[in-house]
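J.: Turn this into a structure:
(chains A and B)
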Number of protein chains: 2
Amino acid sequence: MSDTPDELVEATYVALCKHGYASLRMEDIAAESSKSKGTLHYHYDSKRELLYAFFEYLYDSFVARLDDLDARDPDEHLRALLDTVLSPRDDDDTEQEFRTALLEIKAQGPYDDGFRNQLEAFDRLLHDRIESILADGQERGVFRDEFDPDATADFLVTILNGAQTRHVAVDHRPDQTRSQLFDYVDRHLVADAGASPTGERSE
Amino acid sequence: MSDTPDELVEATYVALCKHGYASLRMEDIAAESSKSKGTLHYHYDSKRELLYAFFEYLYDSFVARLDDLDARDPDEHLRALLDTVLSPRDDDDTEQEFRTALLEIKAQGPYDDGFRNQLEAFDRLLHDRIESILADGQERGVFRDEFDPDATADFLVTILNGAQTRHVAVDHRPDQTRSQLFDYVDRHLVADAGASPTGERSE
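T.: Model (predicted):
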């Protein structure tokens, strides 16, 4: 087996960051690899198919990152997951370019079933991982009993999407959302917070 | 004064919904109005300038809608505002198309200073209105004292962005976010909720 597809996935990432989705052409991707445009067309019919393959790669590596999260309990686990989604992996410029391209592709959701399916898979993965951490935390008494893990996971996925969108659209800092989310977890999800009605009252 | 710009703003809306931002051309906008492409170019140099004018119109009508919100107190006021942002104004299809075009334009934020400025103005408007409702509610004892109106408004703007993005990307229903947000307001912002540590305990 040749390693060409892997190299093309890497080239797709670099070209996508440089050119954005709308103006990306097969030759831009070829220019970032050692392969010719002909070789690209041998493996993939169109820029869209290359992007599907790229998304599959992203999905697999996102699963791997979520599997690798290092945490001693569900509270730490949840925060590590939120951190993973909100923190840039690369240098800031590349990350910003990449998130911008992703937002363009999200706007393709209604028009392109292939992207729609992949976007739904990401959305579901994130939701399901968060839901299972929340349910696990409730079982172990780390999180409060009164919230619904499914609805709360859905809410958190919405917030993560909002952080990514505002980062691109108006350069809103993801670490600001991170600290608001951690505050939300502290106040509203973690079991001991507010569990002491006899606690100090400052005068 | 001629009413041509107003008609063109309306035509821009219809054409944007039909074609999306990326593939929108001046002639698509002309096709939705009674004017020729020549008249369009007389008023506006490019599709981008027409879109700037369209955004200004959107901004003004958004301000008018926020000014017109009908509410007896800050709690109702906040919910009416959240409803305004989350509820479709038009039939569902047009609304979905419009939100998709808006998401495409959000992805232009990093590349286009004109759009960036307008996106920032919208973001700030929404934040400032929410912040002042929250501060007003705290003063009147309707909302709890312990949260920061600025940070909470910022968090709510992030959530509203997330609802819009997921609606487009994965067809997530905005009324689901609406009910989660109302629940958040009930549990965490409204003053009386949870203010009674001596309340019933179910066994």
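
J.: so what's the residue nearest the centre of chain A up against?
T.: With distances taken as CA atoms, centre = their mean, chain A has A:Val85 as the residue nearest its mean C-alpha position (4.8 Å). Applying CB atoms under 8 Å, 6 or more residues apart in numbering or on different chains, we find A:Val85 in contact with A:126, A:160. From N, CA and C alone the C-beta is placed, and that goes for glycine too.

J.: what's the following helix or strand after whichever strand or helix holds it?
T.: Element membership for A:Val85, per DSSP states H and E: helix A:74-86. The helix or strand immediately downstream of helix A:74-86 is helix A:92-106, counting by DSSP H and E.

J.: and the next element down the chain from that following helix?
T.: helix A:113-139.

J.: Any buried residues in that next one, and which?
T.: Within helix A:113-139, the residues scored as buried using 16 or more other CB atoms under 10 Å in any protein chain shown are A:115-116, A:118-119, A:122-123, A:126-127, A:129-131, A:133-138.

J.: go on, stretch A:156-172?
T.: Of the residues in stretch A:156-172, A:156-170, A:172 count as buried by neighbour count, 16+ other CB under 10 Å.

J.: quick revisit: give the rounded mean pLDDT of the helix holding A:Val85.
T.: Averaged over helix A:74-86, pLDDT sits at 95.

J.: which one among the buried residues of stretch A:156-172 gets closest to chain B?
T.: A:Gly162 (2.9 Å; CB to the nearest CB).

J.: Tell me the helices and strands packed up against the helix or strand hosting the closest one.
T.: Here A:Gly162, judged by DSSP H and E, is contained in helix A:149-170. Where contact means 3 or more CB pairs under 8 Å, 6 or more residues apart in numbering or on different chains; DSSP states H and E, helix A:149-170 is packed against helix A:74-86, helix A:92-106, helix A:113-139, helix A:174-184, helix B:92-106, helix B:113-139, helix B:149-170, helix B:174-184.

J.: in chain A, which ranges drop under the pLDDT threshold?
T.: Applying pLDDT under 70 to chain A flags the ranges A:1-5, A:88-92, A:193-203.

J.: what separates A:Asp75 from chain B, distance-wise?
T.: 19 Å (CB to the nearest CB, to the nearest Å).

J.: residues touching the closest residue to A:Phe155 other than its chain neighbours, list them.
T.: Nearest non-adjacent residue to A:Phe155, counting by CB to CB, 6 or more residues apart in numbering or on different chains: B:Gln180, 4.5 Å away. Applying CB under 8 Å, 6+ apart, we find B:Gln180 in contact with A:151, A:154-155, A:158.

J.: quick one: buried residues of the helix holding A:Val85?
T.: Buried, per 16+ other CB under 10 Å, within helix A:74-86: A:74-75, A:77-82, A:85-86.

J.: same deal with stretch A:144-151?
T.: Here stretch A:144-151 shows A:144, A:147, A:149 as buried, counting by 16+ other CB under 10 Å.

J.: go on, stretch A:58-70?
T.: A:58, A:62, A:66, A:69.

J.: And the residue lying closest to A:Val14 once chain neighbours are set aside, how close does it get to A:Asp6?
T.: Spatial nearest neighbour of A:Val14, excluding adjacent residues (CB to CB, 6+ apart): A:Glu32 at 4.5 Å. Relative to A:Asp6, A:Glu32 is positioned 13 Å away (CB to CB, to the nearest Å).

J.: With A:Asp112 instead?
T.: Counting by CB to CB, the gap from A:Asp112 to A:Asp6 is 24 Å.

J.: Pick out whichever of these two has more residues nearby.
T.: A:Asp112 (16 against 11; other CB atoms under 10 Å in any protein chain shown).
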